[in-house]
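> Structure, please.
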Amino acid sequence: MTEERRQKAKKATAVAAFGTFIEYYDFSVYGYVAATLSVVFFPSDDPTVGLLNTFLVFGSAFVVRPLGALFFGRLGDRVGRRASLIASIGLMSLAAALTGVLPGYATLGVTAPILLVILRMLQGFSTGGEIGGAASYIREWAPAERRSLYISFIPGVGVFGKACAAGMAALAASFVPEHAMETWGWRLPFLLAVPLGLLCLYLRLKIEDTPEFRRAERHEATARKPFKELAADHPGPLAKVMAISTVQNVGTYVGTVFVATYLSTVLHFSASQAATIVLLAVVTASVFIPLCGQLGARLGGKRLLIVSYVAYVAVTIPSFWLMGRGSVGLAIAGLILGMVPYALCQASTYAVMPEFFPVQVRHTGVAFGHSIGAVIGGGAGPYLSTWLIDTTGSTLVPAYILVFFGLFGLGIALGAMRSSSDPDHLYA
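As a prediction, the model looks like this:
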């Protein structure tokens, strides 16, 4: 790899990861202001009912993610990774901005939650293509011996995007009066998407497509029907990506998004305390993830996956036990402890997924496999946690869910991934 190619790889990684930062910021803001949105769009005498409705809308974004994955995957595998990255960030930013100016139930009546669902689904459609595009783009630019590190910046800056979403929610909750928070304060985090989206769109318009894709294009080796080829020729790798993505998404949306609402509505921290606790933990995770990516370059993807799943089983219940002691300091310590398996899982999952597929179907394979995992793990996680806590009365329900999926992931890593069709480096 020449020095010029190395510099282009670093620029490509930075631009792709910045877009993922914005995607995750825009997508996660909803979860961090869910308690306020439940009042604005789903007024009810029972707060739990309003919150469940809010998380149903949150989950609706996951339903359309596979459709977004197919659309942007086809675009990325036929036209180019760059075209897909430009289109996905434009749609996400537009949907977030429109959400920020959407009138509530008091103004529009039932039309308001319907429009909220439509905008949320557009965000999910966009997110369905972003991960496959960014992971494929960085993987095809990065030096082979440093791919794990380069790709780890996708979840690393994605988590930082969530941290910024939590930070904006914390600032709004701290400085905006409660009555104003329900009228205009909740809108501020969404409207920040406008300048960020425009900046990212400008940067993505200036990048080149990957050498590997351009080589396939020159040799007319790109897939005409990527999903058909994926389903026919790579069903085993696709199923494995779905499985490990499910575990990763449960960890993401239960452990870093739902937990903000959990801290305030279940453990009775104030909204500003809950947002601050999540902010500190998620910022810590954004530092952990690239370090785990570097570790993955040494251990190999399979071993890092196994370590992450074992860590979920070992530390999750102690993590939630600490959060439930009623102390802000112990809650911070508990959630940071929970970020250890989360960071390990993020780094290993994103590094492994692109290696399951050849260049012709890589974007579609990663995007679709990851989006199915997001539907199962992310779409159901917050709703299931809320319902089970209300049904059982146990505050440790989210911990039990994470431990269960840690065991599930461990079974996948130790069993199904032994197939000889897996990439050799997974066993390095």
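
> Just read off the phi/psi values of residue 132.
Here is the backbone geometry of residue 132 (degrees, to the nearest 10): phi -60, psi -40.

> just residue 232 next, same as before
Dihedral angles (degrees, to the nearest 10) for residue 232: phi -80, psi -40.

> mind listing what it touches?
Listed by C-beta atoms under 8 Å, 6 or more residues apart in numbering, the contact set of residue 232 is empty. In this view, the C-beta of every residue, glycine as well, is placed from N, C-alpha and C.

> what pLDDT does it get?
You'll see residue 232 listed with a pLDDT of 92.

> Could you do residue 172 as well?
Note for residue 172: predicted pLDDT of 80.

> That one is in what secondary structure piece?
For residue 172, the host element (DSSP states H and E) is helix 147-175.

> For that helix, name the packing helices and strands.
Using 3 or more C-beta pairs under 8 Å, 6 or more residues apart in numbering; DSSP states H and E as the contact test, the elements touching helix 147-175 are helix 3-32, helix 111-141, helix 187-191, helix 271-299, helix 328-352.

> for it, which positions count as buried?
Neighbour counts using 16 or more other C-beta atoms under 10 Å place 147-173 of helix 147-175 among the buried residues.

> residue ranges with poor pLDDT in this protein?
1, 44-51, 55, 58-59, 379, 416-428 (pLDDT under 70).

> which stretch of helix or strand covers residue 261?
In this assignment (DSSP H and E), residue 261 forms part of helix 259-261.

> Distance from that helix to the middle of the chain?
16 Å (C-alpha atoms, centre = their mean, to the nearest Å).

> Can you give me the buried ones in that helix?
Buried positions in helix 259-261, judged by neighbour count with 16+ other C-beta under 10 Å: 259, 260, 261.

> Contact partners for the last one?
When you say that, I think you mean residue 261. 31, 34, 35, 51, 274, 382, 386.

> now the buried residues of helix 259-261 as JSON lines including distance to residue 39?
Listed next are those as JSON lines, based on distance: C-beta to C-beta, whole Å:
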{"residue": "259", "distance to residue 39": "20"}
{"residue": "260", "distance to residue 39": "16"}
{"residue": "261", "distance to residue 39": "13"}
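
> Which of the residues you listed sits closest to residue 406?
residue 259 (16.1 Å; C-beta to C-beta).

> Grab the nearest non-local neighbour of that closest one.
residue 278 (6.2 Å; C-beta to C-beta, 6 or more residues apart in numbering).

> so that neighbour makes contact with residue 262?
No: using C-beta atoms under 8 Å as the test, residue 278 is too far from residue 262 to be in contact (9.6 Å).

> ok, those two, which is more surrounded?
residue 278 (31 against 25; other C-beta atoms under 10 Å).

> ok, the residue of the chain most remote from its centre to residue 6 distance?
In the chain, counting by C-alpha atoms, centre = their mean, residue 219 sits farthest out from the average C-alpha position, at 34.3 Å. Distance of residue 219 to residue 6, computed by C-beta to C-beta, to the nearest Å: 25 Å.

> for residue 112, same thing?
For residue 112, the distance to residue 6 - C-beta to C-beta - is 50 Å.

> The two: which is more packed in?
residue 112 (18 against 14).

> separation between the more buried one and residue 162?
Separation of residue 112 from residue 162 (C-beta to C-beta) stands at 26 Å.

> Out of the buried residues of helix 259-261, the closest to residue 105 would be?
The closest of the buried residues of helix 259-261, once distances to residue 105 are taken by C-beta to C-beta, is residue 261, at 19.4 Å.

> quick one, helices of the stretch 301-428 of the chain?
Remark: helices assigned in the stretch 301-428 of the chain by DSSP state H, counting those that start in this stretch are 301-323, 328-352, 362-373, 380-392, 397-414.

> out of these, which comes closest to residue 287?
Taking C-beta to C-beta, helix 328-352 is the member of those nearest to residue 287, at 8.5 Å.

> Show me what that closest one is packed against.
Counting contacts by 3+ C-beta pairs under 8 Å, 6+ apart, helix 328-352 is packed against helix 147-175, helix 235-252, helix 271-299, helix 301-323, helix 397-414.

> Please work out which of those is packed deepest.
Stretch with highest mean neighbour count among these: helix 147-175 (a mean of 25; mean count of other C-beta atoms under 10 Å).

> How far off centre is that one?
Its chain's average C-alpha position is 10 Å from that of helix 147-175, according to C-alpha atoms, centre = their mean.

> contacting residues around stretch 291-301?
In contact with stretch 291-301 (C-beta under 8 Å, 6+ apart) are residues 145-153, 156, 304, 307, 343-344, 346-348, 351-352, 355, 423, 425-428.

> Next one: the residue farthest from the centre of the chain from residue 279, what distance?
In terms of C-beta to C-beta, residue 219 sits 48 Å off from residue 279.

> go on, residue 235?
41 Å.

> same deal with residue 115?
29 Å.

> if I pick residue 242, what's in contact with it?
Going by C-beta under 8 Å, 6+ apart, the list of residues near residue 242 reads 369, 372, 373, 376.

> how far away is it from residue 293?
Taking C-beta to C-beta, one finds residue 242 at 22 Å from residue 293.
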